[in-house]
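# Requesting a structural model of the entry that follows:
(3 chains)
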Amino acid sequence: MSAPAATILHADLDAFYASVEQLLDPGLRGRPIAVGGGVVLAASYEAKAFGVSGGMSGRRARELCPHLQFVGGHFDEYQRLGDQVIEVLYDFTPLVERISIDEAFLDVTGSVHLFGPPRVIATTIRARVLAETGLAISVGVATTKHLAKVASQVAKPDGLVVVEAGTETEFLDPLPVGLVWGVGPVTQARLAGQGIHTIGALAATSPQSLRHLLGHAIGDKLGSLALNADVRRIETHRRARSVGAQSAIGRRTVDDAVLTATFGHLADRVATRLRAKERAGHSITVRVRFADMKSVTRSTTLRSAVASTRTLTDIGVGLAQCACADHPEQHEISLLAISVSHLVPECPLQLELPLGLDPDEHRVGTERGDARRELDRAVDAARARFGSDAVGYAPVLLRQNGGVPDAFRELAEAKDREF
DNA sequence: TCTGGGGTCCTAGGACCC
DNA sequence: TCTGGGGTCCTAGGACCC
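Here you go, the predicted model:
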């Protein structure tokens, strides 16, 4: 006998940022709004009706919806309300896997004795979230994570869909393949080329054909999801595998001053977060996006793990110079990014970083290595007491450029916190 | 007003080792 | 001398998700 099927809920706040804005300002309710400016971070359902969606350029959004109103984000409120909703979920089970600011999986298999059948739990959650925060949350209920997520998408807006055990295939088969987790525009187009438009058609395709069409891993994964063979468990604690930061800088002529200033800023953000997590990383990857939106990456792997701001800055600049030198036909850059991976625990008292090219230069125990550690520690401590703007490493040469406010970045970074 | 910022995972080729 | 095959790591690129 197999174990009784699990009961998984996927709870997903509707048009989250935009709904919060409409909550905060009643004058925005019932109207098409978008959070963002140059790019749409989130659209209200009234705006979605015109085809406006997240990630779209502001200009395109206005073309689709001339009366669209842009609003600046209240990022602290998003975090606060998102946390408040997650706290409601914990009242029903400790098995909560938060996957972003506004959505989570719950395993309520063991909760039914306390709170009633899954449908009752889901209904209670939706009512409590609405009463306590004023926000609509859609919930999908099923026997697997994937199916629960598909169900919550189908439930939107402000709905509940329960897929009863035994009816999974019947539920999934007519749905479009785009609802399968991991099927984006490229994969969807590839499948459409073979006449595969529904999850049922995907499930009916042979594993060999899928592998041939999409590659081994993707083909196998999609095949199993379409056949409802998802065996993933709820993971309550997930460790980050990389820490990164990026900055769109408009169009800038390639020069060292821009690289130094930008990587100073990015490395500061990344290294500070690494040190706060007591982690350091062996691999550093830099991405340079040119003015024509083509981007290239350069990476390096060091024998020792890095978490120092200054060291990360130097490596970032060096890798970006390599990338630019390899593309002499490109004269302008529009974005720089740095990411640290192959993370390892770093005890604050432990030594760090010999560097690749000149191993002695930055090693702790040498004058420069010690100085860098002391500087990082002093800056971290001052910021902890006086706020993140209290101390900087370099003059902020970066024009704000109408970009995303720092508060939004801090919001994205807040996902680092262990939920 | 040309196109954000944070991530995860997969593929493919080459180096290197056994 | 020529002939192998498998495994692992690194780098670069890309699809996808929120």
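# and the helix or strand hosting A:Ala127, what other elements does it pack with?
If you go by DSSP states H and E, A:Ala127 is part of helix A:118-133. Applying 3 or more Cβ pairs under 8 Å, 6 or more residues apart in numbering; DSSP states H and E, we find helix A:118-133 packed against strand A:8-13, helix A:75-90, helix A:112-115, strand A:137-142, strand A:160-162. C-beta coordinates here come from the backbone N, C-alpha and C atoms, glycine included.
# Which secondary structure elements does the last one sit against?
What that stands for is strand A:160-162. With contacts defined as 3+ Cβ pairs under 8 Å, 6+ apart, strand A:160-162 has these neighbours: helix A:118-133, strand A:137-142, helix A:145-155.
# Can you give the contact residues for it?
A:118-119, A:122-123, A:126, A:138-142, A:151-152, A:154-155 (Cβ atoms under 8 Å, 6 or more residues apart in numbering).
# re the thing from before, could I get the helices and strands packed on helix A:118-133 as TSV with mean pLDDT?
Below are those laid out as TSV (pLDDT from 0 to 100):
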stretch	mean pLDDT
strand A:8-13	98
helix A:75-90	94
helix A:112-115	96
strand A:137-142	98
strand A:160-162	98
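# how close does the residue of chain A found nearest DNA strand C get to A:Leu114?
Residue of chain A nearest DNA strand C, by Cβ to the nearest atom of the strand: A:Gly184 (2.2 Å). Here the criterion is Cβ to Cβ, to the nearest Å. By it, A:Gly184 lies 39 Å from A:Leu114.
# Could you pick out the residues of the stretch 201-350 of chain A near DNA strand B for me?
When proximity is defined as Cβ under 7 Å from any atom of the strand, the stretch 201-350 of chain A approaches DNA strand B at A:215-218, A:221, A:240-248, A:250, A:269, A:273, A:292-293, A:334-335, A:337, A:339, A:341.
# hmm, 6 Å instead?
With Cβ under 6 Å from any atom of the strand as the criterion, the stretch 201-350 of chain A meets DNA strand B at residues A:215-218, A:240-248, A:269, A:293, A:335.
# what sits against the closest residue to A:His10 other than its chain neighbours?
Among residues not flanking A:His10 along the chain, A:Ala148 sits closest, at 3.9 Å (Cβ to Cβ, 6 or more residues apart in numbering). Neighbouring residues of A:Ala148 by Cβ under 8 Å, 6+ apart: A:Ile8, A:Leu9, A:His10, A:Phe105, A:Gly140, A:Val141, A:Ala142, A:Val163.
# I'd like to know how far the third one sits from DNA strand B.
In this structure, A:His10 and DNA strand B are separated by 17 Å, where distance is defined by Cβ to the nearest atom of the strand, to the nearest Å.
# A strand includes A:Gly110, no?
No: counting by DSSP: H, G, I helix; E, B strand; the rest coil, A:Gly110 is located in no strand; its state is coil.
# what kind of secondary structure is the nearest residue to it once chain neighbours are set aside in?
Excluding the flanking residues, the one nearest A:Gly110 by Cβ to Cβ, 6+ apart is A:Thr93, at 7.1 Å. Secondary structure assignment for A:Thr93 (three-state DSSP): coil.
# show me the contacts for A:Thr93.
Counted by Cβ under 8 Å, 6+ apart, A:Thr93 has contacts A:Leu106, A:Asp107, A:Val108, A:Gly110, A:Ser111.
# now that we have those, which one has the most neighbours?
A:Leu106 (28 neighbours; other Cβ atoms under 10 Å).
# Check the secondary structure at it for me.
strand.
# And for the closest residue to it other than its chain neighbours, the neighbour number?
Sequence neighbours aside, A:Leu9 is the residue nearest to A:Leu106 in space, at 4.4 Å (criterion: Cβ to Cβ, 6+ apart). A:Leu9 has 28 neighbours, counted by other Cβ under 10 Å.
# likewise A:Arg385?
When neighbours are counted by other Cβ under 10 Å, A:Arg385 registers 7.
# Would you enumerate the residues in contact with it?
Counting by Cβ under 8 Å, 6+ apart, there are no residues that A:Arg385 touches.
# How many residues are close by A:Ala136?
A:Ala136 has 19 nearby residues by other Cβ under 10 Å.
# how much space between it and A:Leu9?
16 Å.
# same check, this time on A:Arg273
31 Å.
# Chain A: strands as residue ranges?
Secondary structure of chain A (DSSP state E): strands at A:8-13, A:33-36, A:40-43, A:69-71, A:96-100, A:103-107, A:137-142, A:160-162, A:242-253, A:279-290, A:295-306, A:332-345.
# Give the other helices and strands that the fifth one contacts.
Pointing back at strand A:96-100 there. So strand A:96-100, by 3+ Cβ pairs under 8 Å, 6+ apart, packs with helix A:75-90, strand A:103-107.
# pLDDT below threshold where in the stretch 251-400 of chain A?
A:347-369, A:392-400 (pLDDT under 70).
# how many neighbours does A:Ala201 have?
17.
# ok, A:Arg232 - contacts?
A:Thr144, A:Lys145, A:His146 are the contacts of A:Arg232 under Cβ under 8 Å, 6+ apart.
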